[in-house]
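Enquirer: Just to be clear, the model below is a prediction. Sequence and coordinates:
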Amino acid sequence: MSKPITRRNFLRTGAAASASVFIIPAASARTYAANEKIRFACVGIGGMGGKGVNVASGEQIIAAADVDTKHAAGAIKKIQGKFPDAKIYTDYRKLFDEQKNLDAVWVATPDHHHFPASVRALEAGCSVYCEKPLCHDLYEARKLRDLAKAKNVATQMGNQGHSGEHVRLLVEWIWQGVLGDVTEAHVRPPYNQMDFGSRDPGKVASVPENLNWDLWQGINKEREYRTGIVPAKWRGWLDYGTGLLGDWFCHNADGAVWGLKLYEADTCEVECEGEEANGFNWPHEVRVSWKFPKRGDMVPCIMRWSSGVYNNYDEKPMPSTVDAEKVKAAAKHPSAYYGTKGMAVSGWWMNGVRLFPEEFQKQIGKPKQVLPRCKGHEADFLNAIRTGEKSSADFDYSARLTEIMLVGNVANLVREKLTYDFRTGKFTNSEKANALLKRPQRKGWEFGYV
C-alpha cells in the first residue's frame, strides 16, 4: 500500500498544477481557539436540512429558518432542546438582517432558494455549505463563485461523493493515462428515481396551515398553490427545481467534470432531444449532449446524459463515437468513461468506481495516489472553516460543475444546438437561450441580482 502523501508534499508534485483549483489554501475569515465552536445558522431545516442541523449541533446553532413549521417540527424541537437561545425564523431574510455574529450558514432549501440564501450569507462574510445543485440559474452560479472568491471564506456544495475515495481513484486513473485519451462519458440517474419530481401540473388547492406559501415561492412570480409541489416534488417544477438533471448530475457527472477537466473548457456545444417541458414541469425522457474542445492535455470529448426511455440503448441507440458493444456492456452503470486504452465505470454518488471489464481492473490495479484524501464531506467543510484550507467541493469547483449542468437545462428548454462561452457566461448563438440566464425577481427578492 502506498504511503499517503502530506498536503505539503503534494503541492510540490506535478499534479499540483492540475489540481490547484481544489487545494490552494485560502486565508480564514477568523481564527479559532482550541475547542471554540463555529456559530451556525441553518436555512431550511426539514428533510435534507436535518443533516445540516445534526452537523451544526456539534458546533453552536445561533438561528434557523424554515417556511414550513410542520415539516421542520422535529428539527425545531432538536435545536431548541440543545440551544434554547437560538432564534427560529420563517423568513431567512429577517435572520440575516438581525444576526450579525454568524460564522457559517447551512443552506438546505429547495433549489430556487439556494442562491438568495447563499448570496446573503456570503455578503455577510459567512462560510457557506449549500446542498446541490448550487443554484437554479446560470447567472447565480457565476455570481456565487465570484463572490465566494472575493470574500475568501470556506464553501462546500452537498455532492458528498466528491469527498470520497472512489472519485479520486477515477481521476487518478484518467490523469495517469490508464484509459488513454477519454473521448466520451455517459451519465444517467437511477431508474427508480424517475418519478421523483412531479411531471404533473397538479390542481389548485388551499395552502396548508403550516406553510407560508408566499415566502416559499421566494424570488418567483406569485402563483396559486397547487398539489404535487410541497414537500418534495418541487424538484420537477420549472420555477422551483432543476429536474432530474439538476438532482443527479452533480453526483453522477462529477467524475467526468473533474477527471476530464471539463471545468477548464472555454466553450462547449450542447443540445437536447426527447420529451419537452409542459409549461410547469421539467421533462424526464431526454438525452442531453455536451461537446467540449481540447482542454490542456485533454482531447476533445463528448458527455451525454440519458434519462427515461433514453437509458434503453436498444430502443434509443446512443449516437456514440465508441464501439457499440462497449457502450452496451457498460450501459447499466450510472456513469461510464470510454478511452482509447480502456474503460471505467462508477455507481451512484461516484461510489463503486472500477476499471471495466474485470480483467482490465485486475491487470492495472490501483492508481498511484496523488490527490489528498478527505475524512468526510461535512468534516471537510468544518476543517476548511477552522484552518483556511479549501474544501473538496468549494464553490470555485462546484459552481463550474453546476454551470455545466445548467447549460444542459437551458438546452432542455430551448431545443436548439447551442454554443456556450464559459468566459463570458453567455450563449453565442441564441438570444432565446440568453434570456434564461437569470430569472426576473419578485419585489423584495432583488438582493444579489442587482
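Expert: Arrived safely, thanks for sending. Residues are numbered from 1 along each chain as shown.

Enquirer: Please name the nearest non-neighbouring residue to P283.
Expert: In space, and not counting its chain neighbours, P283 is closest to E275: 3.8 Å by C-beta to C-beta, 6 or more residues apart in numbering. Heads up, the C-betas are built off the backbone N, CA and C, glycines and all.

Enquirer: is it true that the one you found touches S307?
Expert: No. When contacts are counted by C-beta atoms under 8 Å, E275 is not listed as touching S307 (9.3 Å).

Enquirer: Looking at those two, which is more packed in?
Expert: Using other C-beta atoms under 10 Å as the criterion, E275 and S307 rank with S307 on top: 25 against 17.

Enquirer: what's the distance between that one and H284?
Expert: Spatial separation of S307 from H284 under the definition C-beta to C-beta, to the nearest Å is 6 Å.

Enquirer: low-scoring stretches of the chain, by residue?
Expert: Counting by pLDDT under 70, the low-confidence segments of the chain come to 1-29, 192-198.

Enquirer: what domains does the record give for it?
Expert: Following automatic domain parsing, one gets these domains for the chain: 19-162+375-394, 165-364.

Enquirer: start to end distance for stretch 248-257?
Expert: Looking at stretch 248-257, the gap from its leading to its trailing residue is 13 Å under the measure C-alpha to C-alpha, to the nearest Å.

Enquirer: can you check stretch 294-312 too?
Expert: Looking at stretch 294-312, the gap from its leading to its trailing residue is 30 Å under the measure C-alpha to C-alpha.

Enquirer: Kindly report the same for stretch 214-227.
Expert: Distance between the boundary residues of stretch 214-227 (C-alpha to C-alpha) amounts to 15 Å.

Enquirer: And it, what's buried?
Expert: Taking 16 or more other C-beta atoms under 10 Å as the basis for neighbour counts, the residues of stretch 214-227 that come out buried are L215, W216, Q217, G218, I219, N220, Y225, R226.

Enquirer: which residue ranges form the helices in the stretch 101-250 of the chain?
Expert: Listed from the start of the chain, the stretch 101-250 of the chain has helices (DSSP state H, counting those that start in this stretch) covering 114-123, 138-151, 165-175, 213-217, 243-252.

Enquirer: Need the residues that contact the longest one.
Expert: Outside helix 138-151, the residues within contact range by C-beta atoms under 8 Å, 6 or more residues apart in numbering are 29, 114-115, 118-119, 122-123, 125, 128, 134-135, 155, 394-396, 399-400, 402-403, 406-407, 410, 425, 436-438, 448-449.

Enquirer: Narrow the residues you listed to those in strands?
Expert: Counting by DSSP state E, the part of the contacts of helix 138-151 found in strands is V128, T155.

Enquirer: Pretty sure N54 sits in a helix.
Expert: Yes. Counting by DSSP: H, G, I helix; E, B strand; the rest coil, N54 falls inside a helix.

Enquirer: rewinding a little: now distance to G50 too, for the buried residues of stretch 214-227, in CSV please.
Expert: Shown next, in CSV, are those (distance: C-beta to C-beta, whole Å):
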residue, distance to G50
L215, 20
W216, 18
Q217, 23
G218, 21
I219, 24
N220, 25
Y225, 24
R226, 26
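
Enquirer: For these, which two are the farthest from each other?
Expert: I219 and R226 (18.0 Å; C-beta to C-beta).

Enquirer: quick one, what contacts the closest residue to Y92 other than its chain neighbours?
Expert: In this structure, Y92 finds its nearest non-sequential neighbour in A65, 3.9 Å apart by C-beta to C-beta, 6+ apart. Under the criterion of C-beta under 8 Å, 6+ apart, the neighbours of A65 are A41, C42, V43, G44, I45, I88, Y89, T90, D91, Y92, L95.

Enquirer: residues of the longest helix anywhere in the chain that come out buried?
Expert: For the chain, the helix reaching the highest residue count under DSSP state H is reported as helix 395-414. Of the residues in helix 395-414, those with enough neighbours to count as buried (16+ other C-beta under 10 Å) are 395-414.

Enquirer: Would you map the strands across the stretch 201-350 of the chain?
Expert: 267-274, 286-292, 301-306, 335-339, 343-346 (DSSP state E, counting those that start in this stretch).

Enquirer: Just send the ones you listed back as CSV, with distance to K362 too.
Expert: CSV is the format used below for these (distance: least, C-beta to C-beta, whole Å):
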stretch, distance to K362
strand 267-274, 36
strand 286-292, 31
strand 301-306, 27
strand 335-339, 18
strand 343-346, 14
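
Enquirer: Of those, which is nearest G202?
Expert: Evaluated with C-beta to C-beta, these place strand 286-292 nearest to G202, the distance being 21.4 Å.

Enquirer: Tell me the helices and strands packed up against the closest one.
Expert: Packed against strand 286-292 by the contact rule (3 or more C-beta pairs under 8 Å, 6 or more residues apart in numbering; DSSP states H and E) you find strand 267-274, strand 301-306, helix 395-414.

Enquirer: what's the next secondary structure element after the longest one?
Expert: Which is helix 395-414. Beyond helix 395-414 on the C-terminal side, the first helix or strand identified by DSSP states H and E is strand 418-421.

Enquirer: Thank you, goodbye.
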